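Peer 1: below: sequence and its predicted model.
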Amino acid sequence: MRLGEGASAKTLRHLLLAAMLAVTMTVAACGSDDDGGSTGGSTGSSTAATVAEEPAAPAEAGDVPTPGDVSGREERAGYVYAGTDEQVEEARAAGEQDAGDPVDPPTGKKIGMILLSEQSATSRSAADAAKRIADLFGFSVEVCDPNFDAQKVQQCATSIAAKKPDAVISVSQNPGPMGSGVKQVADQGGLWFGVGSGGEPSEYVNDYGIDGIRLAEVLDQFMFATIKEKNPDGDGKIFAITAPTVGVASKNSGDQLKRDVESAEGFELIDHNLDLANAVQDTLNTTRQTLEQNPSLSAMWTLCDFCVPLMAQTTEQKQPDRKTVVVGQFSSPESIADVRAGKVDGIADYPWASQVWVAMDQALQKWARDQDPVKGFDVFGSYSLPFMEPYVITPDNALDSGPAPIYGPDFETYFRAKWAKEFGVGS
């Protein structure tokens with residue numbers, strides 16, 4: 001059932017959780033760097049990545065990758081790698097090239113996972129990646145799902161810390177609400193990595209989360225190009241559903257949209273702050289009212305994954321021959337279905353699972369070689385392939401059916417090849 005069509009009260013509650021997910025996952029730390037790049041992998045006796053002296057050039061904003069042949073590729077938590085065969089081979093070669101000298105693999109390690117919610121596609125991808133990596137090395141994984149409940153977040157951290165993990169990966173969580181468990185893990189000698197969206201700075205958490213700026217830049221340039229192509233006679237108004245009070249990354253993303261609209265000649269922003277307490281109805285009502293008041297609306301934009309299908313549904317009702325461009329951030333099964341159906345023009349996204357593979361590579365180098373992990377988002381600039389670059393999913397690359405696509409370098413093939421040479425596992 002498509003979102004919003006005859007949904008039951010239970011379904012609407014799930015939609016509200018999805019709305020909270022989309023905006024919560026954009027909470028990021030002030031000053032975090034959302035720029036990836038490459039400096040070449042390390043070789044020799046150590047594989048610990050070194051931070052680039054200066055950031056590599058970012059991927060072209062509005063990047064729309066070309067899909068490869070996904071037949072025969074394995075689904076990963078509802079997603080499938082959709083790059084070309086050439087990218088797969090490039091990743092394998094790069095992983096072998098970047099591998100350090102062979103060493104004995106770490107053994108007996110315990111990994112803790114604190115999700116945002118099992119309902120979150122990002123959380124499911126992160127947990128799946130951690131379990132796949134653990135299977136390669138014979139590690140154990142303990143997953144705790146607070147399911148958006150702030151009180152359970154601290155309970156999860158306390159419970160995980162009590163098990164004395166060697167590493168913890170938390171998904172889109174701030175260190176503060178997790179309480180003393182974060183410091184307890186550090187005091188026990190464990191590593192802690194943040195993935196998804198960044199949290200507030202903490203000396204105990206190595207945060208590999210995004211800050212929201214690059215994702216907005218990519219989406220905005222794609223949106224303006226699509227307006228020019230599909231709706232050149234629109235009124236120049238862009239309706240946005242934002243959530244600036246939710247967190248730094250959410251505010252960063254909305255602020256970037258404002259800057260991009262201001263710098264684009266002939267455009268005006270209609271900015272609506274989502275009512276999280278009434279997110280479903282607020283999205284439907286404000287979208288309908290905006291379209292009624294602006295029948296030639298150029299585009300609508302949101303950072304809320306749940307809002308995208310509702311906005312598309314309302315636009316379809318008001319414009320049977322749709323002109324208004326519809327775009328959003330963060331893919332979901334519902335939004336990908338609407339992209340495939342031509343009801344949504346584009347969704348800006350990241351290969352979220354790559355954060356976990358990078359974090360675990362950093363942990364493995366620490367355990368095997370006593371190499372300290374690279375701090376913060378700079379870690380993605382320390383590999384020879386540009387992991388964690390944003391991209392746009394469109395009707396041309398959303399795939400016809402099946403799992404949602406993942407683009408960018410083939411991170412799983414890269415690390416499997418790298419670890420096969422270093423540790424004798426993963427090939």
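Peer 2: Great, that's in hand. No experiment lies behind these values; they were computed from the predicted model shown. Numbering: from 1, shown residues only.

Peer 1: C-alpha only now, for contacts and for neighbours.
Peer 2: OK.

Peer 1: elements contacting the helix or strand where residue 256 lies?
Peer 2: Using DSSP states H and E, residue 256 maps to helix 248-263. With contacts taken as 3 or more CA pairs under 8 Å, 6 or more residues apart in numbering; DSSP states H and E, helix 248-263 sits against helix 213-230, strand 268-273.

Peer 1: redo these as CSV? Include mean pLDDT and distance to residue 296.
Peer 2: Putting these into CSV (pLDDT from 0 to 100; distance: least, CA to CA, whole Å) gives the following:
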stretch, mean pLDDT, distance to residue 296
helix 213-230, 96, 12
strand 268-273, 97, 13
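
Peer 1: kindly reformat those as JSON lines containing distance to residue 341 and mean neighbour count.
Peer 2: Shown next, in JSON lines, are the helices and strands packed on helix 248-263 (distance: least, CA to CA, whole Å; neighbours: other CA atoms under 10 Å):
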{"stretch": "helix 213-230", "distance to residue 341": "16", "mean neighbour count": "21"}
{"stretch": "strand 268-273", "distance to residue 341": "26", "mean neighbour count": "16"}
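
Peer 1: C-alpha coordinates for the helix holding residue 256, CSV please?
Peer 2: Once non-C-alpha atoms are left out, helix 248-263 reads as follows in CSV (Å, rounded to 0.1, in the frame of the first residue of the first chain):
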residue,chain,number,x,y,z
VAL,A,248,22.6,20.8,13.3
ALA,A,249,22.6,18.7,10.1
SER,A,250,18.9,19.3,9.5
LYS,A,251,19.6,23.0,10.0
ASN,A,252,22.7,22.8,7.8
SER,A,253,20.7,21.2,5.0
GLY,A,254,17.9,23.8,5.1
ASP,A,255,20.4,26.7,5.3
GLN,A,256,22.2,25.3,2.2
LEU,A,257,18.9,25.2,0.3
LYS,A,258,18.3,28.9,1.3
ARG,A,259,21.7,29.8,0.0
ASP,A,260,21.3,27.9,-3.2
VAL,A,261,17.8,29.5,-3.9
GLU,A,262,19.2,32.9,-3.2
SER,A,263,22.1,32.4,-5.6
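
Peer 1: check which residues of it are buried.
Peer 2: Across helix 248-263, burial judged by 16 or more other CA atoms under 10 Å covers 248-258, 260-261.

Peer 1: with stretch 82-90 instead?
Peer 2: 82-84, 87-88, 90.

Peer 1: out of the residues you listed, flag the one nearest to residue 349.
Peer 2: Lowest distance from residue 349 to the buried residues of stretch 82-90 (CA to CA) belongs to residue 82, with 13.5 Å.

Peer 1: mean confidence score for stretch 168-182?
Peer 2: Average pLDDT, stretch 168-182: 93.

Peer 1: can you list contacts of it?
Peer 2: Contact partners of stretch 168-182, identified using CA atoms under 8 Å, 6 or more residues apart in numbering, comprise 24-27, 111-116, 122-123, 126, 150, 153-161, 190-202, 204-205, 209, 356.

Peer 1: and for stretch 286-299?
Peer 2: The contact list for stretch 286-299 (CA under 8 Å, 6+ apart) reads 223, 227, 231-239, 311, 314-315, 318, 323-327.

Peer 1: ok now that stretch, how far from the chain's centre?
Peer 2: In terms of CA atoms, centre = their mean, to the nearest Å, the centre of stretch 286-299 is found 29 Å from the chain centre.

Peer 1: end to end, how far does it reach?
Peer 2: Start-to-end span of stretch 286-299 (CA to CA, to the nearest Å) is 14 Å.

Peer 1: please state the mean pLDDT value computed over it.
Peer 2: Mean pLDDT, taken over the full extent of stretch 286-299, equals 98.

Peer 1: how about it: buried residues?
Peer 2: If you call a residue buried by 16+ other CA under 10 Å, then stretch 286-299 has these buried ones: 286-288, 291, 296-299.

Peer 1: from residue 239, how far off is residue 257?
Peer 2: With CA to CA as the criterion, residue 257 and residue 239 are 11 Å apart.

Peer 1: can you check residue 180 too?
Peer 2: 42 Å.

Peer 1: re earlier: return the member of the buried residues of helix 248-263 nearest to residue 134.
Peer 2: For the buried residues of helix 248-263, the minimum distance to residue 134 (CA to CA) is 30.3 Å, reached by residue 249.

Peer 1: the closest one reaches residue 212, doesn't it?
Peer 2: Yes: counting by CA atoms under 8 Å, residue 249 touches residue 212, with 4.7 Å between them.

Peer 1: and the pLDDT at the nearest residue to residue 375 once chain neighbours are set aside?
Peer 2: Among residues not flanking residue 375 along the chain, residue 206 sits closest, at 5.9 Å (CA to CA, 6 or more residues apart in numbering). With respect to pLDDT, residue 206 has a value of 96.

Peer 1: over to the one 5 residues further on?
Peer 2: On the pLDDT scale, residue 211 is placed at 91.

Peer 1: these two touch, right, it and residue 197?
Peer 2: Yes: applying CA under 8 Å, one finds residue 211 in contact with residue 197, separated by 6.6 Å.

Peer 1: more neighbours, the two?
Peer 2: The neighbour comparison of residue 211 against residue 197 (other CA atoms under 10 Å) goes to residue 211, with 29 against 26.
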